[in-house]
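In: Got a predicted structure plus its sequence, pasted below:
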Amino acid sequence: MFWAVFIGLLATTACFDLPGVSLKVHIKGSKVPIMVNELTSVKTQLPYEYYFLKFCAPDVVEPIEENLGSTLLGESTLTSTYEIIMGVNEYCKSACPGVTLNQYDINNFVWMIERDYRVNMMLDKLPVVVNHTDSGAEGKSEGIQVGFPIGYPSGDETFFVYNHLRFIIYTHPIDKSDSLFRIVGFEVHPHSVESRPCTYGQDVFKLPTREQPLREGQIGFTYDVEFRNGTKQFASRWDVYKHLDDERVHWFSLLSSSFISLILTSIVAHILRKTILNDFHRLTDLPSSEDGLEDVSWKQLQRDVFRRPSNPLLLSVLVGVGLQITIVVAMTLFLSCLGFISQHYRGSLLTSIIVTHVFLGTLAGFTAARLYKMFKGTNWLLLAITTSTLFPGIAFVTFTAINFSLWAEKSSAAVPFGYFIVLITLWFGVSVPLVFVGSILGFKRQAIKLPSKVNPISRSIPPQPWYLSLPATIILGGIIPFGLVFIELTFIMMSVWRHSFYYLFAFLVLTFIILLIASAEISIVLCYLQLCNGNHRWWWRSFLSSGSCAIYMFLYGVIYFLGELGMTRLSSIMLYFGYMFLISLIFFLLCGTVGFCAAFVFVRKMYSVIKID
């Protein structure tokens, strides 16, 4: 248990980056290695290690900066034979004496070229970018893209490999002697050049015109290094990655959505406030009895509104876990917005989420216990076991199924067995004990006091209008919350499944706040309408009505899969829908918990203001 706690704290510490503090300086003439990352493709979503293909490799390949999050995401950073000397331009530099390809190696190259796999490299934590205008076979379109293609096909079914790389490194001097530099840009121009001794000069860049086809035999891999003065400061060197998409469209759509959502929620709050105040005014004019209360139908349920729901243990567990997830998401977004969780560290976001979720197990156990005790529950042991195993168990089983398919594909996204042991240890060695501690503390506290007692005999529920039936409230309750986050969700989906960078965390925080407000308000409105129609079974409905936006999220995932992604392999489909299921489940627990808590506070306050003997 203690070493698992140490690993978790160490992993979290490595993910934090004080903005403006990590300023790495390079001395002129010093060696700076180029790291290689995984090979990625939008069409398959199956990453592979760089050396899955037969590229030039050092004698000893060493992993760099591995952490829990990057390993779970299949991200790998390895050493390479590419090396630069700071401030020195070099041409036709050999990456290795040569690589001998057989038919098996060629088939691997062809398979990846056909599926648009891209090579990812990194220098001083900066991912390499390629300019479309200079990439030859990719046409004359303007703009940049992270990574560069492995090769390209020709019309006669011949495949060519990019075996010559021209690295353009942008630097910014920090002293007048031009001996100290900071790297502010990393660009590559890939070329396919027939393997033969270099014939062009050192100062003039003039590549041979004959291309290198994939064929059995030896192929040479070479590269050039050219340093240029960068116009950007070190603090703004990530700006180029932030403008891979049209930022104006993103800003306009997000601001419009935020403005509309604020108007809608204001209208709903105003109508609700006005209606309830009218009910309170009518109640204050009535004598202290239950005669003549037919005009205020929700008041007739004062002896049934806090009746114990069906399956209170499961509801308590869902609310406890949901509150835990809500706090984790809020803390992660807040720290990301401030820049403490930096995109410079691969896998830092996921590592922070996992470790924070593990150490907030006490909150989940405490909340579930307090709620369960209010429902007159006594089996604290079963509650603690369910709270600590239900959601983590579902996530672990889903993740394991995905991982088995990735193992079969020999993908680098397959998590090694050792990291499974780390996850299990964090779960049972840290999270489960903390949940038990929280449950014990919650049961030791006095039960939450409710404004009214419950009659022994349940009040009959009259026929309900169609829009207040359980299926209707589930369908209608999730439309507004999902509609408010739809635009931001589109950019997040692009970031996750199209390997782009997401950076507007301030707007994501705003969207998250709007989502919480909308989930709370829609749950309160539906709960109030339900009570006005004589239905006192509001506990589960308040959770399901706001949590139902997860259904729309999963359906959107299906539409996005059919319209934007061209996956055909079973393992790719399992990976996509497995993770979409987990994301939708998290969304369900988060929004459902917010809706439940808002409805509970609303009902408790409403029935505590007006008391009739």
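Out: Perfect, I can see it now.
In: The helix or strand where Phe396 lies packs against which elements?
Out: Assigning secondary structure by DSSP states H and E places Phe396 in helix 380-409. Under the contact definition 3 or more Cβ pairs under 8 Å, 6 or more residues apart in numbering; DSSP states H and E, helix 380-409 sits against helix 312-338, helix 361-374, helix 432-444, helix 570-609. In this view, the C-beta of every residue, glycine as well, is placed from N, C-alpha and C.
In: Give me whichever of those is most buried.
Out: Sort the helices and strands packed on helix 380-409 by mean neighbour count, taking mean count of other Cβ atoms under 10 Å, and helix 361-374 sits at the top with a mean of 25.
In: Which residues does that one contact?
Out: Helix 361-374 is contacted from outside by 312-313, 315-317, 319-321, 323-324, 327, 380, 383-384, 387-388, 430-443, 445, 447-448, 450, using Cβ atoms under 8 Å, 6 or more residues apart in numbering.
In: Could you do stretch 535-545 as well?
Out: With Cβ under 8 Å, 6+ apart as the criterion, stretch 535-545 contacts 301, 304-305, 307, 309-310, 315, 318-319, 459, 461-462, 464, 468, 470, 473-474, 476-478, 522-523, 526-527, 530-531, 592-593, 595-596, 598-600, 603.
In: With stretch 456-465 instead?
Out: For stretch 456-465, contacts defined as Cβ under 8 Å, 6+ apart pick out Gln300, Leu301, Arg303, Asp304, Arg307, Gln530, Asn533, Gly534, Asn535, His536, Arg537.
In: With stretch 425-443 instead?
Out: Contacts of stretch 425-443 (Cβ under 8 Å, 6+ apart): 1, 3-5, 7-8, 354-355, 357-370, 372-373, 380, 383-384, 387-389, 392, 396.
In: just to revisit the earlier point, only the buried subset of the contacts of stretch 456-465, as a PyMOL command please.
Out: Those of those that count as buried under 16 or more other Cβ atoms under 10 Å are selected in PyMOL with:
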select buried, resi 300+301+303+304+307+530+533+534+535+536
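In: Just the contacts of stretch 456-465: which are in strands?
Out: For the contacts of stretch 456-465, not one is inside strands, with DSSP state E as the criterion.
In: mind listing what's buried in stretch 144-164?
Out: So, applying 16+ other Cβ under 10 Å, buried residues of stretch 144-164: 145-152, 159-164.
In: And those, which is closest to Lys24?
Out: For the buried residues of stretch 144-164, the residue nearest Lys24 by Cβ to Cβ is Val146; the value is 20.6 Å.
In: residues touching that closest one, list them.
Out: Val146 neighbours (Cβ under 8 Å, 6+ apart): Arg118, Asn120, Pro127, Val128, Val129, Tyr241, Leu244, His499, Ser500, Phe501.
In: Val225 too?
Out: Taking Cβ under 8 Å, 6+ apart, one finds Ile84, Ile85, Val88, Asn89, Glu90, Tyr91, Lys93, Phe167, Ile169 in contact with Val225.
In: So it: helix, strand or coil?
Out: The three-state label given to Val225 by DSSP: H, G, I helix; E, B strand; the rest coil is strand.
In: before we move on, what about Ser519?
Out: Counting by three-state DSSP, the backbone at Ser519 sits in helix.
In: Kindly report the same for Asn120.
Out: With three-state DSSP as the basis, the three-state label of Asn120 is strand.
In: any idea how far it is from Thr473?
Out: Going from Asn120 to Thr473 by Cβ to Cβ, to the nearest Å gives 46 Å.
In: How about Lys605?
Out: Lys605 is 22 Å from Thr473, by Cβ to Cβ.
In: Equivalent analysis for Glu194, please.
Out: 68 Å.
In: And these two? Which one has more around it.
Out: Ranked by neighbour count (other Cβ atoms under 10 Å), Glu194 and Thr473 place Thr473 first, with 24 against 15.
In: check contacts around that one.
Out: Tyr467, Leu526, Gln530, Arg541, Leu544, Ser545.
In: And for Pro97?
Out: Counting by Cβ under 8 Å, 6+ apart, Pro97 has no contacts.
In: what helix or strand is it on?
Out: Assigned by DSSP H and E, Pro97 falls outside every helix and strand.
In: Can you show me the helices along the stretch 201-350 of the chain?
Out: 239-242, 247-284, 312-338, 348-359 (DSSP state H, counting those that start in this stretch).
In: Just give me the lowest mean pLDDT stretch among those helices.
Out: Among the helices of the stretch 201-350 of the chain, helix 247-284 carries the lowest mean pLDDT, a mean of 65.
In: Let me know the secondary structure of Lys93.
Out: Using three-state DSSP, the secondary structure recorded for Lys93 is strand.
In: hang on, the earlier thing: filter the contacts of Val225 down to the buried ones.
Out: In these, the ones that pass as buried (16+ other Cβ under 10 Å) are Ile84, Tyr91, Lys93, Phe167, Ile169.
In: so where does the last one fall, helix or strand?
Out: Element membership for Ile169, per DSSP H and E: strand 164-173.
In: out of the buried ones among the contacts of Val225, who's nearest Ile573?
Out: Phe167 (36.8 Å).
In: Same list (the buried residues of stretch 144-164) but as a markdown table, adding distance to Val61 and pLDDT.
Out: Listed next are the buried residues of stretch 144-164 as a markdown table, based on distance: Cβ to Cβ, whole Å; pLDDT from 0 to 100:
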| residue | distance to Val61 | pLDDT |
| --- | --- | --- |
| Gln145 | 26 | 83 |
| Val146 | 22 | 85 |
| Gly147 | 19 | 88 |
| Phe148 | 21 | 90 |
| Pro149 | 23 | 92 |
| Ile150 | 19 | 92 |
| Gly151 | 22 | 90 |
| Tyr152 | 27 | 89 |
| Phe159 | 26 | 89 |
| Phe160 | 26 | 89 |
| Val161 | 20 | 91 |
| Tyr162 | 21 | 90 |
| Asn163 | 20 | 87 |
| His164 | 22 | 88 |
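In: among those, which two are most distant?
Out: Val146 and Phe159, at 22.7 Å, using Cβ to Cβ across the buried residues of stretch 144-164.
In: picking up where we left off before, and which of the contacts of stretch 456-465 is nearest Pro213?
Out: Nearest to Pro213 among the contacts of stretch 456-465, with distances taken as Cβ to Cβ, is Gln530, at 70.2 Å.
In: The closest one reaches Leu468, doesn't it?
Out: Yes. At 5.7 Å, Gln530 counts as touching Leu468 under the criterion of Cβ atoms under 8 Å.
In: Can you check which residues contact both of the two?
Out: By Cβ under 8 Å, 6+ apart, no residue touches both Gln530 and Leu468.
In: Just the CA coordinates for stretch 437-448, please, in CSV.
Out: C-alpha atoms of stretch 437-448 as CSV (Å, rounded to 0.1, in the frame of the first residue of the first chain):
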residue,chain,number,x,y,z
VAL,A,437,-12.7,5.1,6.2
GLY,A,438,-15.1,7.6,4.6
SER,A,439,-18.0,5.1,5.1
ILE,A,440,-17.2,4.6,8.8
LEU,A,441,-16.9,8.4,9.4
GLY,A,442,-20.2,8.9,7.6
PHE,A,443,-22.1,6.4,9.6
LYS,A,444,-20.8,7.8,12.9
ARG,A,445,-22.4,11.2,12.0
GLN,A,446,-26.0,11.8,12.9
ALA,A,447,-28.5,11.2,10.1
ILE,A,448,-29.5,14.1,7.9
